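# build me a model from this:
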Amino acid sequence: MNAQRGSAVLSTATLKVKPAITGLTENHRLRLFSGSANLELSQEVARYLGMDLGPMIRKRFADGELYVQIQESIRGCDVYLIQPSCNPVNDNLMELLVMIDACRRASARQVTAVIPYYGYARADRKTAGRESITAKLVANLITQAGANRILAMDLHSAQIQGYFDIPLDHVYSTPVILEYLASKELSDIVVVSPDVGGVARARSFAKKLNDAPLAIIDKRRQAHNVAEVLNVIGDVEGKTAVLVDDMIDTGGTICEGARLLREEGARQVYACATHAVFSPPAIERLSKGLFEEVIVTNTIPLDNSQNFPQLVRLSVANLLGETIWRIHEDNSVSSMFR
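Just a heads-up that it's a prediction; the model follows:
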């Protein structure tokens, strides 16, 4: 993993499953392309696989329409397109759809959409009348565009896997985050779920963290991006609390949770999340000293204005690269997480 704290690089480690693959493009007809959403992550994945990103033209017409052209033959190839649907969500999603269509029409043997962050994932069910289940709509769009397979990381809810009528490999950033936490040699850890909906995620995380005890924050949401925290279920006094979630958006939920944990006597508070959405005013909230560290991954790119002293960024490029190789070679993916 590659870790960055604030704007400084910390340590570098490799995924402990397989070294970088060389000669893959010539022997196995694998092609890797990147959208514009997170080019840095795509380049890291390509380096792990020992190959270059495929050449592609991406541009916009004067009216904002997207244009994509693959600049090499991919006839009969297995193509992997890396593109998170992060902000601007609609533009990046549309770019992914156009890339899929371009590859399908170029006679690619198989097109796999690698989506490190799946946008619209929170709209996964109807909570009121006359709402759209947009997570399902996006799944339909990607499938109809011509994708044969999906590789996604830490979906907001596991049920989204069932929205696709094509194979989906769901991978987790947990090994990367756990390796980093292990390097810190923390003591008296209690894993905390910021809400009831994240209990399964937190329980799985706690089990892999030497069966650490679990606590739950009882939260009632009044409106979108507005949360009211009530109390903590579990013992956190004098302990190192590790808040675990799939994403940090505006930071309201996780910051209110951290404030409550401090009031309940937690000695230290760490926040761990895969996706750093960081919509305003997240940076302002997260940098107020509630956390020892805010640990996220690089599934979503961040600019310099989104750095703050407590921020630690870990790279999931090796994990994604290894997963792509295993899919391409028809090897087990789930064994990476046992």
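
# ramachandran angles for residue 313?
Per-residue torsions, residue 313: phi -110, psi 130 (degrees, to the nearest 10).

# quick one: pLDDT of it?
pLDDT, residue 313: 98.

# hmm, it is touching residue 294, no?
No - with contacts counted by C-beta atoms under 8 Å, residue 313 stays clear of residue 294, the gap being 9.5 Å. The C-beta positions use only the backbone N, C-alpha and C, and glycine is treated the same way.

# state the next helix or strand along the chain beyond the helix or strand hosting residue 43.
Assigned by DSSP states H and E, residue 43 belongs to helix 39-49. Moving toward the C-terminus from helix 39-49, the next helix or strand (DSSP H and E) is strand 56-60.

# in terms of secondary structure, what does the following helix or strand past that following strand contact?
For strand 56-60, the following helix or strand on the C-terminal side (DSSP H and E) is strand 66-70. Where contact means 3 or more C-beta pairs under 8 Å, 6 or more residues apart in numbering; DSSP states H and E, strand 66-70 is packed against strand 56-60, helix 89-105.

# which secondary structure elements does the first one contact?
Counting contacts by 3+ C-beta pairs under 8 Å, 6+ apart, strand 56-60 packs against strand 66-70.

# what sits against residue 125?
Residue 125 makes contacts with 133, 159, as judged by C-beta atoms under 8 Å, 6 or more residues apart in numbering.

# let me see the backbone angles for it.
According to degrees, to the nearest 10, residue 125 has phi -170, psi 170.

# same deal with residue 212?
According to degrees, to the nearest 10, residue 212 has phi -60, psi 150.

# ok, it - contacts?
Here residue 212 is in contact with 189-191, 206, 242 (criterion: C-beta under 8 Å, 6+ apart).

# adding neighbour count, distance to residue 249 and secondary structure, write the residues you listed out as TSV.
Listed next are the contacts of residue 212 as TSV, based on neighbours: other C-beta atoms under 10 Å; distance: C-beta to C-beta, whole Å; DSSP: H, G, I helix; E, B strand; the rest coil:
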residue	neighbour count	distance to residue 249	secondary structure
189	18	25	strand
190	22	24	strand
191	26	21	strand
206	21	23	helix
242	26	19	strand
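
# remind me which helix or strand residue 231 belongs to.
Assigned by DSSP H and E, residue 231 belongs to strand 226-233.

# coming back round to it: and the contacts of residue 212, which is closest to residue 336?
residue 206 (19.6 Å; C-beta to C-beta).

# and the closest one, how far is that from residue 237?
18 Å (C-beta to C-beta, to the nearest Å).

# ok, now residue 183?
In this view, residue 183 and residue 237 are 26 Å apart by C-beta to C-beta.

# and the residue lying farthest from the centre of the chain, its phi and psi?
What lies farthest from the middle of the chain is residue 62; by C-alpha atoms, centre = their mean that is 32.3 Å. Backbone torsions of residue 62, given as degrees, to the nearest 10, read phi -60, psi -30.

# and it, what's its pLDDT?
96.

# over to residue 20?
On the pLDDT scale, residue 20 gets 48.

# 217 is where my numbering starts, stick with that
With 217 as the first residue, the last one maps to residue 236.

# gap between residue 404 and residue 533?
Distance from residue 404 to residue 533, by C-beta to C-beta: 32 Å.

# looking at those two, which is more packed in?
Taking other C-beta atoms under 10 Å, residue 404 and residue 533 do not tie; residue 533 has more neighbours (27 against 14).

# before we move on, back to that, between residue 529 and residue 510, point out the one with more neighbours.
The residue with more neighbours, out of residue 529 and residue 510, is residue 510; 30 against 21, by other C-beta under 10 Å.

# does anything pack onto the helix holding residue 259? Which helices or strands?
So helix 255-265, by 3+ C-beta pairs under 8 Å, 6+ apart, packs with strand 246-250, strand 294-298, helix 533-544.

# got a markdown table for these, with mean pLDDT too?
A markdown table is the format used below for the helices and strands packed on helix 255-265 (pLDDT from 0 to 100):
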| stretch | mean pLDDT |
| --- | --- |
| strand 246-250 | 97 |
| strand 294-298 | 98 |
| helix 533-544 | 97 |
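
# return the most buried member of the ones you listed.
The highest mean neighbour count among the helices and strands packed on helix 255-265, using mean count of other C-beta atoms under 10 Å, belongs to strand 294-298: a mean of 26.

# now the angle from it to helix 255-265?
Relative orientation of strand 294-298 and helix 255-265, computed by axes from the mean of the first three to the mean of the last three C-alpha atoms, to 10 degrees: 140 degrees.
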